[in-house]
Every structure is written in C-alpha cells, then in structure tokens.
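In: Generate coordinates for the sequence data below:
(one chain, ligands or ions: 2)
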Amino acid sequence: MSVQYLSSEFDVVRNLERCVSCNLCVRECANGVHRIDERSRKLVVDESKCVDCQRCVAMCPTRALKIVKNENSFKENANWSADLISEIVKQSNTGAVLLSSMGAPKPTPVYWDRILINASQVTNPSIDPLREPMETRVFLGKKPEQIRRASDGSLDVSMEPQLVLETPVMFSAMSYGSISYNAHESLARAAQELGVFYNTGEGGLHEDFYRYGANTIVQVASGRFGVHEDYLNAGAAIEIKMGQGAKPGVGGHLPGAKIVGDVSRTRMIPEGVDAISPAPHHDVYSIEDLRQLVYSLKEATRRTKPIIVKVAAVHNIAAIASGVARSGADIIAIDGFRGGTGAAPTRIRDNVGIPVELALAAVDERLRAEGIRNNVSLVVGGSIRNAADVVKAIALGADACYIATAALIALGCRLCRSCQTGRCNWGIATQRPELVQRLDPNVGARRLVNLLSAWRHEIKELMGGMGINSIETLRGNRLMLRGIGMTEKELDILGIKHAGE
Ligand code: SF4
Ligand code: SF4
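Out: Ligands and ions are numbered 1, 2, ... in the order given. Sure thing, here's the model as predicted:
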C-alpha cells in the first residue's frame, strides 16, 4: 500500500524580477514540477517532483530559474546521510525495491584517478603527434600465435574475423527502448562517421538502422528479445551479454510503459508488457554451454563475425575470463562496478561487483600467464570518463574501451539519474514522442563525433608524450603507469609501481 510522505530533494528558485511568465518551464518539464494554478492563474511549483535534470533552467529565456539542493530536506549526521534517509522514506512510501539509473554514485575508489602516466624526458624522445604519424587503429578478434606459411612458402595471412576501429573507443550497449530512436540514430551515425561501433543492447535492431549494420554490434541477451537470423547477420559482430557491471547477477527490466509502437515490434513482444530478461541464460550453465552458444552464433552467421562475450567485473573475474577465452569467443568485454544502466535495483548497483581497473589487470595477467592472451581481445567499460582513462586502460592491458554515460552526456544528459521513469526531459531515455523530438539526431551525431575526435587527439598527445606511436605498443605497457595513494596489494593487482619508483 502506498503511504506517501513527500519530501523535496531540490529547491526550485524562481527570480521573479526576471520571470516573464512565458510558461515555457510548464511545457518543458515532463515531471510536472511547474504548473499554472487554475484559480490564481499564477505559476506554482511542486518541488517534490523535481529530479534536477536542469531542462527548465537551460530553456528559460530570461535565466530566471535555478535548481539547488535542498540542504534542509533531511537532518543528516555522520551515520545517516540524506541519501540513506531518503531511501528509507521512499521504501516506506511504496514497499518496493528501489530502482536507480546510471552508475554507482558512492565514493568507492576510482583507481583511474590514482594512476599517473609517464612522459619522455632527455634520453627517450617524445613524438610530436602533429608532425609524425600516430596509429590509433586497432583490430579486435583472435590473433594467430605465430607467422604461418602456406605449402608454397607464401605467407598465410588468413585471420579470424576482426572488428577494425579507427579509435579504440566504442559505444556500449544501450537498447532501443531504454533510450530513444533519436538517441540510437545519433549513436549509429556517429559510429559510422568515426569508423567505430555502437551496440544495440538487448532491444533488437530497428529496421531503419539496418543500414548502419557495418558499424553495429548486435547483442544476444538472456531474454533473446528481437533476436532472429536477419538480426544476427545485420551487424558486424555479435555480443552475448552474460552480465552487466551495473547489475551483476540480475536480469534486465524495461517497464511496459516504454514498450510501445516500434519498441514492441523491434523486441517482438506485445505493447505495454514489461520486458523482463532472466538473470541467467537458460541454456548456459557452464563454459561448455557457452561454447555451444558461441558456435551456434558463428554457424548462424557463416563464421563471418567475431563473437563478443560480455561479463560483469566480479570477484573471480580472472578465472571467468579464462573460461570465456576457451569457449571460442573472439572478444571479452568486461563491464565494471561503476557502469551505467537505464534501470537497476539500487542495492545491487551500489554494492555488487568490483572496479574495472582491478578486473582488467587481473584478467590480462591471467590470460598472459596461461598463454591464451592472443586468443581474445579485451574491451573494458564501466565509467571510462575521458581520454586519459582510455590510455590507462590500454596500458593496463585493454585493446579498446566501451563508453556509454560519457556518450549520453555528449547528447545532453545531465545525470539526473531518472532514466527508469521514462520521462527524460532531454529526449534520451524516453519513448514519449514529444520528448524524443527534443533530441535532433543530426546535432547528437555531431556532438558524439566531436567528443571522440577530441579524445583521439588527446590519446595521440598522451602517447606521443610517452614516445609511443601506436596503440599496439601501448597495450599492456604497464611500465608507463605509476600509482599514488595505493596499498602494496592494490599496486600488486594492478601490476604497476608506486610513483617515485
Ligand atoms: S525536473 Fe527538470 S525541468 Fe522539471 S523543474 Fe526539475 S530541473 Fe526543471
Ligand atoms: S538520460 Fe535523461 S533521464 Fe537519464 S540521467 Fe540523463 S538526463 Fe536524466
């Protein structure tokens, strides 16, 4: 039973000297915070509905609005933070499991910020990326162990199928349904222009986007929504999603309210029905089962596409990755603890999994020790925030990175963490037509291309500073990294020295 005590996390501050009563904020806020009172005909606000998405602030023509945190909403102390109290209030209101979106916001250590990058001085000259060639192209997939020759002595250059990326960064899985048509189109167009890939997530592939197939990774998740032969053959690679960093060990849930029109057709499920994908794949309970699925997908696509297996970073990730590498997968994607999502149980998101930095280092080390590192490429995601994080990930052993939250911020997301409501005022995590049209895919694609072009320049600068001119030379080059403020154990797992050593 719902027993509501309302509280406001935010204050909506209106400067009455600036406000011209144009009522734009009433139209712009899908959460119904601003409205015109029927009796007084005056603008009034219901602050309890505000999620701090900043749409009204950005759109107000006279800059009359400000949203600020309501410092008095809860009486905090050292043990009971406002967040904890607010969660108790919400659960007592509804009796429901708390849902959240985007990545874990708690102050768990971000190891990227405790790792510093080397630069050349005196004896080992740096490389000027403006004047000298720098290679940022990477090939993802199985590599041969040695140079092979055919019986006539010529070089055997045949390779397992590879994904070729012009920059070692891809857009990770975001399903059509969790994000809008226009957000998907922005990602697809940007991936095509950048020579990288975007990922359908578990929502299937809208028929309009088959034309971007050469830059698309199609996902097969436990619900198998939207999966059919044409879909599998439409993309450049297939990703089997075994786990996700934001919610390891649980399945997916897209509320029925978002399963409308094309979303329901693309997922091949009825309108208005919740899309609940089970926690496990019901045909995968061992590495042998996974191997069967990998080879079934290879057969379904005539062995022309690399198979990615995506796993969440959890405690035994090195052993798990070792098994996945032996399953016939070509690429392993490791999704870290801080990874984003459209909707996840809050308690899972904030307490389950491990940071991707530690997971990556442990996996790379294990695969090398077992002599199977060349069997697979490693892609990491889960809060890759800028070009320096990409460079550090590659030096720790990754072949490429996945980004999602950074891409959404480029599209206009203000990290209000309300994607699960379906009322994204920026037209991203919504299916409401009047909100979707707020995101222009031309503008969205341009902003994504700008973002990754800027990162590519920065990656080249960082590599040049180290005297390195290709991603291939940087990969696994942990000598280029030093740690600060870490324990011996943490440095040991990361396989790097402390700054000063
Ligand atoms: S929810 Fe967003 S648009 Fe609505 S009042 Fe709050 S900041 Fe403004
Ligand atoms: S995508 Fe939209 S709803 Fe989700 S966090 Fe960003 S602005 Fe908020």
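In: Output the residue of the stretch 401-501 of the chain whose distance to ligand 1 is smallest.
Out: Residue nearest to ligand 1 within the stretch 401-501 of the chain (C-beta to the nearest ligand atom): residue 425, separated by 5.1 Å. C-beta: built from backbone N, CA, C; applies to glycine.
In: I figured that residue was touching residue 28, is that so?
Out: Yes: the pair residue 425 / residue 28 is scored as a contact, 6.6 Å apart, by C-beta atoms under 8 Å.
In: okay, and the common contacts of the two?
Out: Common contacts of residue 425 and residue 28 (C-beta atoms under 8 Å, 6 or more residues apart in numbering): residue 55.
In: Same drill for these two, tell me which one is more crowded.
Out: It is residue 425, of residue 425 and residue 28, that has more neighbours when counted by other C-beta atoms under 10 Å, with 24 against 19.
In: Then the more buried one would be within a helix, right?
Out: No: counting by DSSP: H, G, I helix; E, B strand; the rest coil, residue 425 is not part of a helix but coil.
In: Name the nearest residue to it, ignoring sequence neighbours.
Out: Leaving aside its chain neighbours, residue 425 sits nearest to residue 55 (3.7 Å; criterion: C-beta to C-beta, 6 or more residues apart in numbering).
In: Tell me where the stretch 1-150 of the chain has helices.
Out: Here the stretch 1-150 of the chain has its helices, by DSSP state H, counting those that start in this stretch, at 24-28, 55-59, 82-94.
In: show me the contacts for residue 30.
Out: By C-beta under 8 Å, 6+ apart, the contact set of residue 30 is 423-425, 430, 432, 435.
In: Can you tell me who the closest residue to it other than its chain neighbours pairs with across the strands?
Out: Closest residue to residue 30 in three dimensions, ignoring its sequence neighbours and counting by C-beta to C-beta, 6+ apart: residue 423, at 4.2 Å. Beta-bridge partners for residue 423, by DSSP bridges, are residue 430.
In: Now do the contacts for residue 423.
Out: By C-beta under 8 Å, 6+ apart, residue 423 lies in contact with 30-31, 430, 432, 435.
In: I'd like those residues laid out as a markdown table, including distance to ligand 1 and pLDDT.
Out: Converted to a markdown table, the contacts of residue 423 look like this (distance: C-beta to the nearest ligand atom, whole Å; pLDDT from 0 to 100):
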| residue | distance to ligand 1 | pLDDT |
| --- | --- | --- |
| 30 | 7 | 96 |
| 31 | 4 | 96 |
| 430 | 13 | 94 |
| 432 | 14 | 94 |
| 435 | 11 | 97 |
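In: Looking at the residues you listed, which is nearest residue 287?
Out: Closest to residue 287 out of the contacts of residue 423 is residue 430 (39.1 Å), distances taken as C-beta to C-beta.
In: Distance from the chain centre to stretch 204-222, please.
Out: Mean-position distance between stretch 204-222 and its chain equals 17 Å (C-alpha atoms, centre = their mean, to the nearest Å).
In: what about that stretch, average pLDDT?
Out: The average pLDDT for stretch 204-222 rounds to 96.
In: Flag every buried residue along it.
Out: Across stretch 204-222, burial judged by 16 or more other C-beta atoms under 10 Å covers 204-206, 209, 212-213, 215-222.
In: Residues of this structure that sit close to ligand 2?
Out: 53, 101-102, 408, 413-419, 424, 426, 428-429 (C-beta under 6 Å from any ligand atom).
In: Of these, which is the most crowded?
Out: Within the residues of the chain next to ligand 2, most neighbours by other C-beta under 10 Å means residue 424, with 32 neighbours.
In: Excluding chain neighbours, what is closest to residue 326?
Out: Leaving out its chain neighbours, the residue that sits closest to residue 326 by C-beta to C-beta, 6+ apart is residue 287, at 6.5 Å.
In: What count of nearby residues applies to the one you found?
Out: Residue 287 is flanked by 17 other residues according to other C-beta under 10 Å.
In: Quickly note the distance from it to ligand 2.
Out: 36 Å (C-beta to the nearest ligand atom, to the nearest Å).
In: Ligand 1 versus that residue, what's the distance?
Out: Distance, residue 287 to ligand 1, using C-beta to the nearest ligand atom: 46 Å.
In: Am I right that that residue is in contact with residue 328?
Out: No: Residue 287 lies out of contact with residue 328 (C-beta under 8 Å); the separation is 9.9 Å.
In: Centre of this structure to the edge, which residue is at the far end?
Out: Most distant residue from the mean C-alpha position of the chain: residue 152, 47.3 Å away (C-alpha atoms, centre = their mean).
In: Residue ranges of each domain in this protein, please.
Out: Annotated domains of the chain cover 10-96, 138-498 [automatic domain parsing].
In: out of the contacts of residue 30, what pair is the most spread apart?
Out: Spanning the widest gap among the contacts of residue 30 are 425 and 432, at 10.0 Å by C-beta to C-beta.
In: what about residue 114, how many neighbours?
Out: 18.
In: Would you enumerate the residues in contact with it?
Out: Remark: with contacts taken as C-beta under 8 Å, 6+ apart, residue 114 is in contact with 483-486.
In: as a whole number, average confidence for stretch 273-280?
Out: Rounded mean pLDDT across stretch 273-280 is 86.
In: what does it contact?
Out: Residues outside stretch 273-280 that contact it (C-beta under 8 Å, 6+ apart) are 177, 202, 221-223, 225, 249-256, 259, 264, 267, 269.
In: please redo it, this time with the cut-off set to 6 Å
Out: 221-223, 225, 250-256, 259, 267, 269 (C-beta atoms under 6 Å, 6 or more residues apart in numbering).
In: and if you look at stretch 34-42?
Out: Contacts of stretch 34-42 (C-beta under 6 Å, 6+ apart): 25-26, 44-45.
In: again, only this time at 7 Å
Out: By C-beta atoms under 7 Å, 6 or more residues apart in numbering, the residues outside stretch 34-42 that reach it are 23, 25-26, 43-45, 56.
In: tell me the average confidence for that stretch?
Out: On average, the pLDDT along stretch 34-42 is 92.
In: measure it end to end?
Out: Distance between the two ends of stretch 34-42: 10 Å, counting by C-alpha to C-alpha, to the nearest Å.
In: How about stretch 45-53?
Out: The straight-line separation of the ends of stretch 45-53 (C-alpha to C-alpha) is 15 Å.
In: same check, this time on stretch 304-314
Out: In stretch 304-314, first residue to last residue: 31 Å (C-alpha to C-alpha).
In: for it, which positions count as buried?
Out: Using 16+ other C-beta under 10 Å as the test for burial, stretch 304-314 gives 305-314.
In: Check stretch 110-123 too.
Out: Buried residues in stretch 110-123, defined by neighbour count with 16+ other C-beta under 10 Å: 111-112, 114-115, 118.
In: Alright, I will stop here.
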